[in-house]
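Colleague: Need a 3D model of the sequence below.
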Amino acid sequence: MTNLDPRPAEMDLEVPTACGPTVQLLEAREVPLGGIRAMTVRRTLPQRARSTVGAWCFLDAFGPSSDEPMTVLPHPHIGLQTVTWPMIGEIRHRDSLGSDLLVRPGELNLMTAGTGISHSEVSAEGAELMGLQLWAALPDGVDQPAFEHVGDLPRLVGERWSGIVLVGQVGEVRSPATVHTPMLGVDLTAEPGARVDLPLAEGFEHALLVVEGEAEVDGVAIPAGPLAFLGMAREQVSIAVGQPGARMVLLGGVPFEEPIVMFWNFVGRDHEQVAQARADWEADATMAPADPRRRFGTVAGHGQDRIPAPVVPDVRLKPRLPPTAP
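Modeller: Below you'll find the model as predicted:
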């Protein structure tokens, strides 16, 4: 997934404050992924009030829709891991490592950008599609690009609810997916009136996204759409589900301790890193597809089609610093 805004606005991200349990609703904003027939996504990370939850630094929810296919042409990434989770429909992933496969509901794609990778994501015309696209910021030292497809994820079962552990661990149930900082992602489906009680890692930040239906935590109603930041220092969470039932995703992770500069599809430590990545992506377009000097390689099957990089703002991009104590 990518941000196709040709002039992405500079966002002064506040330095997050470490805090205890809370329920803070972070409203989604609608973002079109392309031209007239573009798919519209609902983006809840990053935003000024909270740029990250653990290492999670980007969250788009899309669908359900059959009118707006996903057509995201080749584009680059550095410094992050993409996590693709389709709930309805199929997405074809192709990347510069040579990966080419369909990811289906119940399966997870993880692509580690390292110092440079490019990929595309396309869904079938007229097919219904719903799901999530997330990014996780990578810590220093994760430089090698990689791709992983996980087709068999562990399940949780409770009274009138079930879950799939995408990444991380809940109790004794651990996902085999490779991540690079301690983090959590759980897809939960609950019947009307159910209560979902889950143990949590106390040192994690957590957030809950209700995709469909409605829920409640600590007496605060959480409708579908906003991201509910749940704070830290929770040993467990109790989620009361409304009468429509709910489909939800619980996210978490240890606070990310390294500076972050986010620009377009890049996560770096400073302005120079993301500006150089932008310049290298544009330079790649002038080289032959097989030229080994191409930083971001080539995604097969698209010819010369690609997403051009936006211009870096005239101002110097400032890093989001590690969380501060309350």
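Colleague: how near is residue 285 to residue 298?
Modeller: 11 Å (C-beta to C-beta, to the nearest Å). C-beta here means a position set from N, CA and C on the backbone, and glycine is covered the same way.
Colleague: and stretch 194-207, average pLDDT?
Modeller: Averaged across stretch 194-207, the pLDDT comes to 96.
Colleague: same deal with stretch 63-72?
Modeller: The model assigns stretch 63-72 a mean pLDDT of 85.
Colleague: give me the low-pLDDT residue ranges for the chain?
Modeller: Applying pLDDT under 70 to the chain flags residues 1-18, 34-38, 321-326.
Colleague: Kindly recompute the last result at 90.
Modeller: Confidence mapping of the chain against pLDDT under 90 gives the ranges 1-20, 31-40, 47-49, 65-69, 124-126, 202, 313-326.
Colleague: And the nearest residue to residue 158 once chain neighbours are set aside, its phi and psi?
Modeller: Among residues not flanking residue 158 along the chain, residue 196 sits closest, at 6.3 Å (C-beta to C-beta, 6 or more residues apart in numbering). Dihedral pair for residue 196: phi -110, psi 110, per degrees, to the nearest 10.
Colleague: for residue 279, same thing?
Modeller: Main-chain dihedrals, residue 279, degrees, to the nearest 10: phi -60, psi -40.
Colleague: Return the distance of it relative to residue 82.
Modeller: Distance, residue 279 to residue 82, using C-beta to C-beta: 22 Å.
Colleague: out of the two, which sits in the more crowded spot?
Modeller: Neighbours per residue, other C-beta atoms under 10 Å: of residue 279 and residue 82, the larger number sits with residue 82, 24 against 13.
Colleague: Find the helix or strand that the more buried one is a member of.
Modeller: Using DSSP states H and E, residue 82 maps to strand 80-88.
Colleague: What strands flank that strand, and is each parallel or antiparallel?
Modeller: Strand 80-88 has the following sheet partners, assigned by DSSP bridges: strand 108-112 (antiparallel), strand 129-137 (antiparallel).
Colleague: Kindly reformat those as JSON lines containing mean neighbour count and distance to residue 182.
Modeller: JSON lines is the format used below for the strands paired with strand 80-88 (neighbours: other C-beta atoms under 10 Å; distance: least, C-beta to C-beta, whole Å):
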{"stretch": "strand 108-112", "mean neighbour count": "23", "distance to residue 182": "16"}
{"stretch": "strand 129-137", "mean neighbour count": "24", "distance to residue 182": "11"}
